[in-house]
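> this one's structure only:
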Ligand code: CP3
C-alpha cells in the first residue's frame, strides 16, 4: 500500500491530514519501553527481533503516529565492521579508528551475516503493521558514523575527527569510503527486507563549515543515496544544524529534507523548492510545556508550511527521555486536528 498519508507526503502529494511521527519515538520516555528494557541490555534489545519489534510497535499503539521506525541504532552495523561497541548509556567504541592501519583492519560485512537480526525485525514489523502504518528503516550518514568511530564516543568539540580531516585527509577519505560501502549494502538490505522509507541521520553534519561539509561530507552521502535501490522507497535526509547550508545539503539527493528547529520551515521550503518534501521541526523541549503551548507551537509550524503539499510533521530532533507521554499524544492529536482538510 503506497497510499499511506506518510508516503504520499514524502512524494509531495496532497493528503487528508498532515502525517506525523517522532524521531526516537521508541524509547525511554515510555514506561512500556522501560519495562522491556529492564530485562535486557540495549544492545541485546536491538539484537532480539521479537523484542525490538515489540518496542517499535509501542509508540504506534500509544501515540497514534502515521509511521513506525525500525528499532535499532545507527551504530549496530558498525560493530560487525570489527569495532567492539558498548552503550553506557551513550555509545562507546573500545578501540577508536585513528590511523590508516585501523581503517585497513575494518571489514565491509554482508549485512545478512553481520546484522541478520535487523532484517528479521523488519520482516516481523511489516507483518505487524500491514494496512496500518508504513515502516521506516534507517541508518547513520557516513560522517556521523565516522564521528563516533574516530572519537570513540560522543564529543563536544569533535577534535579527533576534524584533526583527521585536516591533517590526514587520505585516512579520512579511506574511512569514509569504507563506511559508505557498508552503509549502502546495509540500507539496501533493509529495503529488500521491506523498509518502505529510509531515513539517513546526519546528527553531526552541522558541526562543520558549509565549505567543509561540501568537501568532506556531501560527496559520501550523495554516493550513498545514489547507491540505494530506492524506486518507490523515499529517502529522508536529516542533517542536524544544516539551516545555513540547505542548498548544499539538498545536492546529496533524497526526497525529504529533515529540518531541525533552528530554521523557519516556510523559509526552508522556499530555499529547497516545491519538488522536495520537508520533515520537522518542533523544538523537542516544547513537549515539556502545557498542552495549550504545545498546541500553539504545532499551529505555528503548520502555519509556516502554509498548506503546501509535502510536509511530514516531526520534532526537530529526538524526543527527550523525560517527556511525559501524554504531551507527545497531545502533539500528535493537535497535528491531525489542525491540519484536517475540508
Ligand atoms: O524510535 C526510534 O527512533 C528508535 C530507534 C533509534 C535509536 N537510536 C534507539 C536508541 C534511532 C533511530 C536511533 C538513532 C541514533 N542513535 C542517532 C541519530 C539520531 C539522533 O538522536 O541524533 C544517534 C546519534 C545514535 C547514537 C546513540 N544511541 C546515542 C548518542 C545514544 C545514547 C544517548 C541517547 O541519545 O539516548 C544511543 C542509545 C539509544 N539509541 C537509546 C535508544 C532507545 C537509549 C538506550 C537505552 O535504552 O539505554
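Looks like it arrived, so ask away. In this text, all values refer to a predicted model and were calculated from it rather than measured experimentally. Numbering: from 1, shown residues only.

> C-terminal to the longest helix along the chain, what's the next element?
For the chain, the helix with the greatest residue count under DSSP state H is helix 169-193. Going down the chain from helix 169-193, the next helix or strand is strand 197-202, by DSSP states H and E.

> parallel or antiparallel, which strands does that following strand pair with?
In its sheet, strand 197-202 lies beside strand 135-140 (parallel), strand 235-239 (parallel), with partners assigned from DSSP bridges.

> tell me which of those strands sits nearest to the ligand.
The ligand sits nearest to strand 135-140 of all the strands paired with strand 197-202, at 5.0 Å, using C-beta to the nearest ligand atom. C-beta coordinates here come from the backbone N, C-alpha and C atoms, glycine included.

> can you name the residues in contact with that closest one?
With contacts defined as C-beta atoms under 8 Å, 6 or more residues apart in numbering, strand 135-140 is touched by 21, 67-70, 72, 74-75, 77, 122, 125-126, 129, 148, 183, 186-187, 190-191, 193-203, 236.

> which among the residues you listed end up buried?
Among these, those buried by neighbour count (16 or more other C-beta atoms under 10 Å) are 21, 67-70, 72, 74-75, 77, 122, 125-126, 129, 148, 183, 186-187, 190-191, 193-203, 236.

> close to the ligand: what parts of the stretch 101-250 of the chain are there?
Where the stretch 101-250 of the chain comes near the ligand, counting by C-beta under 6 Å from any ligand atom, the residues are 138, 154, 201, 203.

> need the max-distance pair from the residues you listed.
138 and 154 (18.8 Å; C-beta to C-beta).

> which parts of the stretch 1-150 of the chain are helices?
In the stretch 1-150 of the chain, the segments counted as helices under DSSP state H, counting those that start in this stretch are 5-10, 31-37, 42-47, 49-63, 100-104, 111-114, 116-129, 142-151.

> could you dump those into CSV with mean pLDDT and distance to residue 341 added?
Below are these laid out as CSV (pLDDT from 0 to 100; distance: least, C-beta to C-beta, whole Å):
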stretch, mean pLDDT, distance to residue 341
helix 5-10, 98, 11
helix 31-37, 98, 33
helix 42-47, 98, 39
helix 49-63, 98, 22
helix 100-104, 98, 52
helix 111-114, 98, 40
helix 116-129, 98, 24
helix 142-151, 98, 36
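
> who's in contact with residue 87?
For residue 87, the set of contacting residues under the criterion of C-beta under 8 Å, 6+ apart consists of 41-43, 73.

> quick one, what contacts the residue nearest the centre of the chain?
Per C-alpha atoms, centre = their mean, the C-alpha nearest to the average position across the chain is that of residue 201, at 3.9 Å. Contacts here follow C-beta under 8 Å, 6+ apart; on that basis residue 201 touches 74, 138-141, 144, 238.

> one more: residue 40?
Counting by C-beta under 8 Å, 6+ apart, residue 40 makes contact with 48, 51.

> thought residue 77 was touching residue 111?
Yes - if you go by C-beta atoms under 8 Å, residue 77 and residue 111 touch, sitting 6.7 Å apart.

> where do the contact lists of these two overlap?
Shared between the contact lists of residue 77 and residue 111 (criterion: C-beta under 8 Å, 6+ apart) are residues 118, 186.

> show me the contact partners of stretch 326-340.
Outside stretch 326-340, the residues within contact range by C-beta under 8 Å, 6+ apart are 16-18, 20, 22, 25, 29, 62-65, 282, 286-289, 291, 294-295, 298-299, 302, 313, 319.

> so which of the residues you listed are also by the ligand?
With respect to the ligand, and counting by C-beta under 6 Å from any ligand atom, the subset of these in contact is residue 25.

> mind giving me the ChimeraX select for the contacts of stretch 326-340, buried ones only?
Taking 16+ other C-beta under 10 Å as the burial criterion, the selection of buried members of the contacts of stretch 326-340 in ChimeraX is written as:
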select :17,18,20,22,25,29,62,63,65,282,286,287,294,295,298,302,313,319
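
> show me the contacts of stretch 326-340 that map onto strands.
Secondary structure assignment by DSSP state E places 282, 313 of the contacts of stretch 326-340 in strands.
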